[in-house]
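*Asks:* below: sequence and its predicted model.
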Amino acid sequence: MLHPDRYFDANPVRREIARRLYSQVSALPLVCPHGHVDPRMLAENPRFPDPASLIVVPDHYIFRMLYSQGVPLEKLGIPRVDGGPVEADPRVIWQHFADHFHLFRGTPTGCWLKHEFEDVFGVDRTLDSRNAMEIYDQIEACLAKPEFRPRTLFERFRIEVLCTTDAATDTLESHRQLRESGWPGVVLPTFRPDACVQILSPTWAHELALLAELTGKDTHTFDGFLAALEQRRAFFREMGARATDHGVYSMYTGDLSSAERADIFNRALQGEVTEDDAVRFTGHMLMEFARMSVEDGLVMQVHPGSLRNHNPRIFEAFGADKGCDIPVATEYTRNLQPLLNKFGNHPDFRMVIFTLDESTYSRELAPLAGHYPALRLGPAWWFFDSIEGMTRYRYLTTETAGIHNTAGFNDDTRAFPSIPARHDLSRRVDANFLADLVSRHIVEEEEAGEMIEAMAYRLVRETYRMEDIALPARASR
Amino acid sequence: MLHPDRYFDANPVRREIARRLYSQVSALPLVCPHGHVDPRMLAENPRFPDPASLIVVPDHYIFRMLYSQGVPLEKLGIPRVDGGPVEADPRVIWQHFADHFHLFRGTPTGCWLKHEFEDVFGVDRTLDSRNAMEIYDQIEACLAKPEFRPRTLFERFRIEVLCTTDAATDTLESHRQLRESGWPGVVLPTFRPDACVQILSPTWAHELALLAELTGKDTHTFDGFLAALEQRRAFFREMGARATDHGVYSMYTGDLSSAERADIFNRALQGEVTEDDAVRFTGHMLMEFARMSVEDGLVMQVHPGSLRNHNPRIFEAFGADKGCDIPVATEYTRNLQPLLNKFGNHPDFRMVIFTLDESTYSRELAPLAGHYPALRLGPAWWFFDSIEGMTRYRYLTTETAGIHNTAGFNDDTRAFPSIPARHDLSRRVDANFLADLVSRHIVEEEEAGEMIEAMAYRLVRETYRMEDIALPARASR
Amino acid sequence: MLHPDRYFDANPVRREIARRLYSQVSALPLVCPHGHVDPRMLAENPRFPDPASLIVVPDHYIFRMLYSQGVPLEKLGIPRVDGGPVEADPRVIWQHFADHFHLFRGTPTGCWLKHEFEDVFGVDRTLDSRNAMEIYDQIEACLAKPEFRPRTLFERFRIEVLCTTDAATDTLESHRQLRESGWPGVVLPTFRPDACVQILSPTWAHELALLAELTGKDTHTFDGFLAALEQRRAFFREMGARATDHGVYSMYTGDLSSAERADIFNRALQGEVTEDDAVRFTGHMLMEFARMSVEDGLVMQVHPGSLRNHNPRIFEAFGADKGCDIPVATEYTRNLQPLLNKFGNHPDFRMVIFTLDESTYSRELAPLAGHYPALRLGPAWWFFDSIEGMTRYRYLTTETAGIHNTAGFNDDTRAFPSIPARHDLSRRVDANFLADLVSRHIVEEEEAGEMIEAMAYRLVRETYRMEDIALPARASR
């Protein structure tokens, strides 16, 4: 089912080159600097539940597509916020999924699932209404075996390092457990302080309280709040973190005066802030986080431009991350100017920017990354983590920024068994892109060989400052 | 002149697949859910006038291009608003057209015309200055024959259903005539209430009066106005309408309070409204029309983002639709949120959105359509109803929304004899797109076979709720 | 090293056609209507300094990329504004360049440099750390020879006309010298009045004084200021200018009332204007310059949308044009309406618009150029003067505007020895684009043959009104 030349252009000259380039990197270990795998899974190493709970229920890429075609989320077993009844039989859920599997034709989810089914579970047919239960049984049989436990899969997938995404107030208990377990897999936390910064959120006060409890700081003053965040970063660094992660709606950055930030902070404590206050506060906090990154060396990742929970009916019934986050146009040139002017020339600062607005690749992001030493472009993200999305990313950024101002691939996934499929797809797309350059005599094949190793492996390690993580023998030539 | 492999990629593997996929759908009937053919033409079935009046004078795609290269519209016989003199000799007009035919190289108009010339009129040479009169004579000879009357062409073109676009105040007299004529061709009206909603327009008062006359409602109150529109929709439904059509400048949607709408409505009656009032009123009316669509099942089509009559000199001399409508950047994510939050989850609601801003395909429209059950993406529209435009549309939307959240093709044309050319081009482009997916092993050819039938035929019938229109024998497998 | 099929698609059918089309135009003379070569170079015809001063130090495309990867500009010999110390040894600079030459893989700079090295200097290897000094020596040996003087290269490059870019207050002394020298090379000035229009700039008062001195007009009144500009245009025309050039941040155009412009102008004289005043004043001046173009026939070039000197640290240390100009989203439809309404239908007006916002090609610029007779689209500009940039330009504009509403190629360069490489790349990309149309049977090869000659040579002469410049024998068929 998985064709060895998949995703390569049909032209035989280009395809031959793509094959050779791909074969150079197909067996390299996977570096996963940004993702949403639950560290408990690797700390506790339980057997995975049934196929539906593993593959369908947690994956909003999957259930949003079924929802768009009229399948209620309840029928797919998505838990309700109010605990109300939803489908509980994984076989029924799986059958709905199979009945609609044709919706994923031509989508990256379709590609990943095919890969995952065949490569991880040995399924050699396309899922459909008729074979749904057989394939369910086949996957279920796998999951029952010890070699399908998370840690064994981690090793089988050749994951060199896996970074999780963790709230600033997370105790990193699972990470501690992992370290102490003696298991050699490298799993590192990432510092994500979004909840501490969202002053409009009803849970902000609770976050401050948690922060205070964890750090002993008085988080009811702005300075105490900053000090608490700095202490948490130090703890995350101790626990191996290489990066921070910041999800924001607007890319606005800019310093507030000390009076302004005290004013907004105090009003926020009293629940009296406007949306504009929130944008300005977030813009100021990005400046503070950049300063902290200069000081402590954590790589600063920012991904703006998603209007979260666009559909309140779904948010109220099922909560966040249910496929209802919709991108908006995003401005980088003016918005990043304050931050880059202050820190963008600093040799110790490293910032990785993602976008959901592809019109900014060539207009704003590649020119910025092709100038400021601190800036790297994150890979094609979310809806663009796809064959065509990655291809556009390379064609739209390489001419202006080259490949060395890009951050390498990350899978950004919560779907653990899809990790190899995602990296494989990315390596194939990059090989196919480079094969085009070689076939048109823009670069030599030898040069492309160095480029594909950078794109598949070296740039991500360099960007995320992972030089200290031992290179496995096979990659260290 | 018409190459059997036209518009297919030069790669032989892909081309072979494209040919096979295309051949599966090339003979399927044409479903035309959205267009601007005058129903009188089919009701009265006259012979077409001369070639220039048939092909050049009504087609702004053609004369805008000549105008851009310095040919005055008067020389092309475009009638002046003031009835002033314009070129009246169709042979002189045709000669101007022929003299500039090279301007259409690489444009969809060039492709459609070649197809139309050869396939409809048997012309086997490219039009140029020298052969202009010969080709004129050849087309003129055709037009004189009974088999070139509109109804015969309709049948020859294998049109299964043709929807026209009709003002809310249209009596649909031609549609009634058509129904009563006994001719079996299916021609249906579409409800377009734009003129009734444009409160800034000098003709608005007249529209209200017409509405009142037709419905017996007091259209000088907002409630009476709504009731009149509802009654007209009911009449259009009786006459077979499947859809409404809404052309707006901004995509803004949002409810006005009952006080606000009464206030704006009353000031509009007195001619005292601002542009901002108009945007808010239109935004409210889109909410009302969505509600009505939920109630009566008419599919709601919205196409925003054209700045109409950009060139006032042309508008004053020649009126609207003269090639001077220029697109503007359009925002969907925030603007559609009020409407989609209220109706987007409703199983009875169906909305089809078009765009002239291609940057929104991947950023906003595909993510929205890949989530909200009510939303379908209309096909590549207007300037993008073209080989490259459709190709970009598929590459930019399929990975996120799949093909099943798209609405199938429509030709949107007032150029009746170009209808087969437009559908043929669309089917070829889709076949070529799918052939790329097959050749890169993203989908299997068997899957692509199902996809091309959906894209060419099934999706448009399903989207526009035409299940009741009998499937011809050859398509009903 | 330079493959004869470089930049052509790998498909053999398409490649064959591309070769044939390219061979039709590869030897045509180079028309350079827009660039930044210093006319003194051709007036004085000195030997070029060393390789680093010729190739690295003046080229911000090169040093911005090295800067983005952490190489300080001081190390590359970029002169400091304060005259402070920077690297002075050209061999050291060249070695830094060579050490980072891999950064240019897949960039147009990489393509141009390869071409320039081989074709101009006979270097047949890719520059790297090891061969840096050998290649330095080889280029240095060339530069020492008389046949590498600017005028000889100009002739060898087959430059038919080269337009420079000159401040409105430039005396055009070098142009006068050139004329009087008896050398037959055609080098013409271009009128660029930006500094006279930038009322916020600290140097504006100085510009007014210069203008007054050169023209004898009282530039402290708006009318005197206009009269002075008109007189300078007349002088530039006498000196052979064909065009004006306007770099603006916003594309806003619009008339100020005579009271408003006097008010802003007077406040500007007192240094009391806001950013909004400046935008409105620039918008008004664009209207004035358009009027002057109607009157004097100079082609009006406008390139908006670059946020200049984004990085103040670099600007303060090294000045302008140091690779820190970053594009912003640009609006054309509404902003150009006032100007095009007033002048866009005028047969004597010609305007060439450039963009750094590719999302406007298909949405705004092609529809505008496909309608207004005065408007031509400038070629893919700056970051988009590249293989992929030009390719996107053609695919995004041709279907709506055709090729005859485009302005032909210009190299826009200050890197004199890269001129042939840039024209060659453009001709190859256009040939490859047309070959795609031919291979898909969208245009006939014979039609494409006419199109490539227009794109490579005829359109630029026609757009910039160079019909009076003698066609060389070989091109005048």
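*Replies:* Great, that's in hand. Values in this document were obtained by computation on a predicted structure and should not be read as measured data.
*Asks:* shaky segments in chain A?
*Replies:* Flagging of chain A using pLDDT under 70 yields the residue ranges A:471-477.
*Asks:* domains of it?
*Replies:* Per automatic domain parsing, the structural domains of chain A span A:12-46+A:148-475, A:47-147.
*Asks:* dump the residue contacts of A:His175.
*Replies:* Listed by CB atoms under 8 Å, 6 or more residues apart in numbering or on different chains, the contact set of A:His175 reads A:Pro39, A:Ala43, A:Thr164, A:Asp166, A:Val187, A:Leu188, A:Pro189, A:Met239, A:Gly240. C-betas here are computed from N, CA, C, even on glycine.
*Asks:* chain C versus the residue most central in space within chain A, what's the distance?
*Replies:* In chain A, the centroid-proximal residue (CA atoms, centre = their mean) is A:Asp412; its distance is 2.2 Å. Distance from A:Asp412 to chain C, counting by CB to the nearest CB, to the nearest Å: 25 Å.
*Asks:* for C:Asp218, see how far away that residue is.
*Replies:* Between A:Asp412 and C:Asp218 the distance is 64 Å, computed by CB to CB, to the nearest Å.
*Asks:* check A:Met390 too.
*Replies:* 61 Å.
*Asks:* please identify which of those two sits among more neighbours.
*Replies:* Set side by side, A:Met390 and C:Asp218 show more neighbours around A:Met390, with 23 against 13, by other CB atoms under 10 Å in any protein chain shown.
*Asks:* got the contact list for the residue of the stretch 51-200 of chain A found nearest chain C?
*Replies:* Here the residue of the stretch 51-200 of chain A nearest chain C is A:Gly106; by CB to the nearest CB that distance is 21.2 Å. Contacts here follow CB under 8 Å, 6+ apart; on that basis A:Gly106 touches B:Thr398, B:Glu399, B:Gly402, B:Ile403, B:Leu437, B:Ile442, B:Val443, B:Met451.
*Asks:* the last one - that's part of a helix, no?
*Replies:* Read that as B:Met451. Yes: assessed with DSSP: H, G, I helix; E, B strand; the rest coil, B:Met451 lies in a helix.
*Asks:* show me the contacts for it.
*Replies:* With contacts taken as CB under 8 Å, 6+ apart, B:Met451 has the following neighbours: A:Arg105, A:Gly106, B:Ile403, B:Leu434, B:Val443.
*Asks:* mind putting the residues you listed into a markdown table with distance to B:Gly297?
*Replies:* Below are these laid out as a markdown table (distance: CB to CB, whole Å):
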| residue | distance to B:Gly297 |
| --- | --- |
| A:Arg105 | 29 |
| A:Gly106 | 30 |
| B:Ile403 | 24 |
| B:Leu434 | 32 |
| B:Val443 | 33 |
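*Asks:* could you pull out the strands for chain A?
*Replies:* Secondary structure of chain A (DSSP state E): strands located at A:30-32, A:159-163, A:166-167, A:187-188, A:191-192, A:243-248, A:299-304, A:306-307, A:326-327, A:351-353, A:375-377.
*Asks:* now for the first one, which elements pack on it?
*Replies:* Which is strand A:30-32. Identification of packing neighbours for strand A:30-32 by 3 or more CB pairs under 8 Å, 6 or more residues apart in numbering or on different chains; DSSP states H and E yields strand A:159-163, helix A:419-439.
*Asks:* which of the ones you listed is buried the deepest?
*Replies:* Mean neighbour counts were compared across those using mean count of other CB atoms under 10 Å in any protein chain shown; the top stretch is helix A:419-439, at a mean of 24.
*Asks:* stretch A:49-61 near chain B anywhere?
*Replies:* No: remark: stretch A:49-61 sits outside contact range of chain B, by CB under 8 Å from any CB of the partner chain, the gap being at least 9.2 Å.
*Asks:* contact partners of that stretch?
*Replies:* Stretch A:49-61 is touched from outside by A:48, A:62-63, A:76-78, A:90-91, A:93-94, A:97, A:108-109, A:113, A:116, A:135-136, A:139-140, A:143, A:321-323, A:414-415, A:417, with contacts defined as CB under 8 Å, 6+ apart.
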